[in-house]
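Peer 1: Got a predicted model here, sequence first, then my questions.
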Amino acid sequence: MTTLSLDHVSRWFGNVVAVNDITMTIGPGVTGLLGPNGAGKSTLINMMGGFLAPSTGTVTLDGQPVWRNEEIYKHIGIVPEREAMYDFLTGREFVVANAELHGLDARAAQRALATVEMEYAQDRKIATYSKGMRQRVKMASALVHDPSLLLLDEPFNGMDPRQRMQLMELLRRMGDEGRTVLFSSHILEEVEQLAWHIEVIVAGRHAASGDFRRIRRLMTDRPHRYLVRSSDDRALAAALIADPSTSGIEVDHAEGALRVQAVDFARFTALLPRVAKAHGIRLLTVSPSDESLESVFSYLVAA
Amino acid sequence: MYDPTVARLTYRALLGRRRALILGALPLLLVVIAVAVRGLTGADDQTAVNVLGGFALATMVPIIGVIAGTGAIGPEIDDGSVVYLLSKPVKRPTIIFTKLIVAIGVTMAFSAVPTLIAGLILNGNGQQIAVAYTVAALVASIAYAALFLLLGTVSRHAVVFGLVYALVWEALFGSLVAGARTLSVQQWSLAVAHKVAGGDLVTSDVGLTTATVLLVAVTVLATWYAGQRLRSLTLAGEE
Ligand SMILES: Nc1ncnc2c1ncn2[C@@H]1O[C@H](COP(=O)(O)OP(=O)(O)OP(=O)(O)O)[C@@H](O)[C@H]1O
Ligand SMILES: [Mg+2]
């Protein structure tokens, strides 16, 4: 039983607050860390992996501090976001080196390479690998010592659908075995398919937490604000307000546009083009009008 | 204290094709100069001292030290691949100590060996000059490797700072300001060379005792501090 605990963790870089007072507990099973680009996912994972000190707060693994505690890596496997590896080595040499650094031998490396199905290319230089192959060798290097906690930063980036399926299968298996698996992603579908539990990070804050049904409901139920420009704003406003999916409309004279607040996201996005067409109105711009949680969520849902 | 896997990774990175070419260029140049000078002027003790002191010890050794010392860790930190070392239950000072040994080995191989060869070509080790400068190069390799390994650990611009130190401080500043010469790896190693050669062809601005103390202190402190810095090295985003 491995539990990673974050207690009021913040991290800032100069005056940029990358992670803002996050408290969460990650237990066995697969957890997805979901958030748009720049949300603070990598910063959070770096702190979970002991590569970055929190500005305030603590990160512990079963009560042990993670920062400045190299013994903790007996229990943690890490798949970093960055591409750089020892490109001048072959895949096998790389994984063997990782095993040796854990005090293990080549057999452990061979097992890990088999787990990620990279044996066929293990004697090629890493420099010649595709992105998906690199990702799998990184995965093998994280698995050599059979860790109970696995941290993966954007592991599906650059993978083709088949490789993605295989990795998902592998992570699911790890979760079923009772390991604690945490991966980050900015794509809701990806997280929904795999994670038993989702933690949403937006602009450094812990925005939501729960299983995918709950997250999806939270995202779609919130009111959404749009900025709409069209060939006839007044006629469009009159037509939209008649529908219950629209809860408010303002004419913004300075912008020369409408500000529309929609309560039913799915219905509104279907309604808007239909209404415009029926009234012979051309839509010029439709964009989420602010970078608030809501618009970010709608972005996530649409992605 | 010494981890063979870390050593192997460091050797492979340092002696990769491009870096090996750079490391090999200066020693080759030294040998070419030695052959040319010997051919033009014949064997002469003072000329041997000028070439070995002026080029080998003052320029080549520190530059090789910069390349090997910073190269043993800097690129890994820059591109983030050091994460594969740091995510292991290996003591940080062990990583640094191992990299230091490798950096020293590489610096010695690419600086002391060619210095000996050039010395033999120049005057056939007359007055012990070739051996004296070889010993100086060996001693300097240790201190340079430690200093520049530390620099590679703390700065992203280690190579630039290293070259500035090696060329501006050791060569230029040292000849203008007397105090700077006391704080110079080159002068410390010359003190050792003076002891080996005897006589007054090979001279140093510092005494042997001072030189030895400073060499040991700089090497130990730089290595210790690099280990501390690696313990709190942070890996952040792409910025
Ligand atoms: N070393 C750093 N120096 C300054 N700012 C940083 C640093 N690392 C991250 N940041 C900032 O912190 C915020 C969070 O970055 P982070 O990389 O954690 O986001 P992310 O969710 O991983 O994004 P992505 O999906 O693009 O990987 C961003 O605003 C980023 O610019
Ligand atoms: Mg990231």
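Peer 2: Here it is on my side, so go on. Ligands and ions are numbered 1, 2, ... in the order given.
Peer 1: Just give me the residue right at the centre of chain B.
Peer 2: Central residue of chain B (Cα atoms, centre = their mean): B:Gly65, 2.9 Å from the mean position.
Peer 1: That one sits in which helix or strand?
Peer 2: helix B:61-71 (DSSP states H and E).
Peer 1: for chain B, which helix is longest?
Peer 2: Assignment by DSSP state H gives helix B:92-123 as the longest helix of chain B.
Peer 1: pretty sure the residue nearest to the centre of chain B contacts B:Val139?
Peer 2: No: at 11.6 Å, B:Gly65 and B:Val139 do not qualify as touching, with contact defined as Cβ atoms under 8 Å. The C-beta positions use only the backbone N, C-alpha and C, and glycine is treated the same way.
Peer 1: Mind listing the shared neighbours of these two?
Peer 2: Common neighbours of B:Gly65 and B:Val139, using Cβ atoms under 8 Å, 6 or more residues apart in numbering or on different chains, do not exist here.
Peer 1: and after the helix or strand bottoming out on mean pLDDT in chain B, which helix or strand comes next?
Peer 2: Lowest on mean pLDDT, DSSP states H and E among the helices and strands of chain B sits helix B:174-176, with a mean of 67. Once the chain leaves helix B:174-176, the next helix or strand it forms, by DSSP H and E, is helix B:178-182.
Peer 1: in chain B, which spans are helices?
Peer 2: B:4-14, B:17-41, B:45-51, B:61-71, B:74-79, B:83-86, B:92-123, B:129-154, B:158-163, B:174-176, B:178-182, B:185-197, B:208-231.
Peer 1: Any chance of those in CSV with distance to chain A as columns?
Peer 2: Shown next, in CSV, are the helices of chain B (distance: least, Cβ to the nearest Cβ, whole Å):
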stretch, distance to chain A
helix B:4-14, 4
helix B:17-41, 9
helix B:45-51, 35
helix B:61-71, 13
helix B:74-79, 4
helix B:83-86, 5
helix B:92-123, 7
helix B:129-154, 15
helix B:158-163, 17
helix B:174-176, 37
helix B:178-182, 36
helix B:185-197, 31
helix B:208-231, 6
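Peer 1: Which one of the residues in the stretch 101-250 of chain A is closest to chain B?
Peer 2: Nearest to chain B, among the residues of the stretch 101-250 of chain A, is A:Leu101, at 4.0 Å (Cβ to the nearest Cβ).
Peer 1: Grab the nearest non-local neighbour of that residue.
Peer 2: Leaving aside its sequence neighbours, A:Leu101 sits nearest to B:Lys88 (Cβ to Cβ, 6 or more residues apart in numbering or on different chains; 4.0 Å).
Peer 1: That neighbour contacts A:Gly103, correct?
Peer 2: No: taking Cβ under 8 Å as the definition, B:Lys88 is not a contact partner of A:Gly103, at 9.1 Å.
Peer 1: Looking at the two, which has the bigger crowd around it?
Peer 2: The neighbour comparison of B:Lys88 against A:Gly103 (other Cβ atoms under 10 Å in any protein chain shown) goes to B:Lys88, with 25 against 13.
Peer 1: so what's the backbone phi/psi at the more buried one?
Peer 2: Phi and psi for B:Lys88, reported as degrees, to the nearest 10, are phi -130, psi 150.
Peer 1: residue contacts, it?
Peer 2: Per Cβ under 8 Å, 6+ apart, neighbours of B:Lys88: A:70, A:73, A:98, A:101-102.
Peer 1: Quick one: residues in contact with stretch A:94-103.
Peer 2: A:73-74, A:85-86, A:89, A:105-106, A:108-109, A:112-113, A:122, A:126, A:137, A:140-141, A:144-145, B:3-6, B:8-9, B:84-85, B:88-90.
Peer 1: Please indicate which of the residues you listed are buried?
Peer 2: A:73, A:85-86, A:89, A:108-109, A:112-113, A:122, A:126, A:137, A:140-141, A:144-145, B:3, B:5-6, B:8-9, B:84-85, B:88-90 (16 or more other Cβ atoms under 10 Å in any protein chain shown).
Peer 1: low-scoring stretches of the chain, by residue?
Peer 2: Reading this off chain A. Across chain A, the ranges flagged by pLDDT under 70 are A:1, A:219-223, A:289-303.
Peer 1: um, chain B though
Peer 2: Residue ranges of chain B with pLDDT under 70: B:171, B:173-175, B:236-239.
Peer 1: 50 instead?
Peer 2: Applying pLDDT under 50 to chain B flags residues B:239.
Peer 1: All the helices of the stretch 151-300 of chain A, residue numbers only.
Peer 2: A:161-176, A:188-194, A:212-221, A:233-241, A:265-278, A:293-302 (DSSP state H, counting those that start in this stretch).
Peer 1: Using CSV, please lay out those helices together with mean neighbour count and distance to chain B.
Peer 2: Listed next are the helices of the stretch 151-300 of chain A as CSV, based on neighbours: other Cβ atoms under 10 Å in any protein chain shown; distance: least, Cβ to the nearest Cβ, whole Å:
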stretch, mean neighbour count, distance to chain B
helix A:161-176, 16, 17
helix A:188-194, 19, 20
helix A:212-221, 16, 25
helix A:233-241, 17, 41
helix A:265-278, 16, 31
helix A:293-302, 18, 19
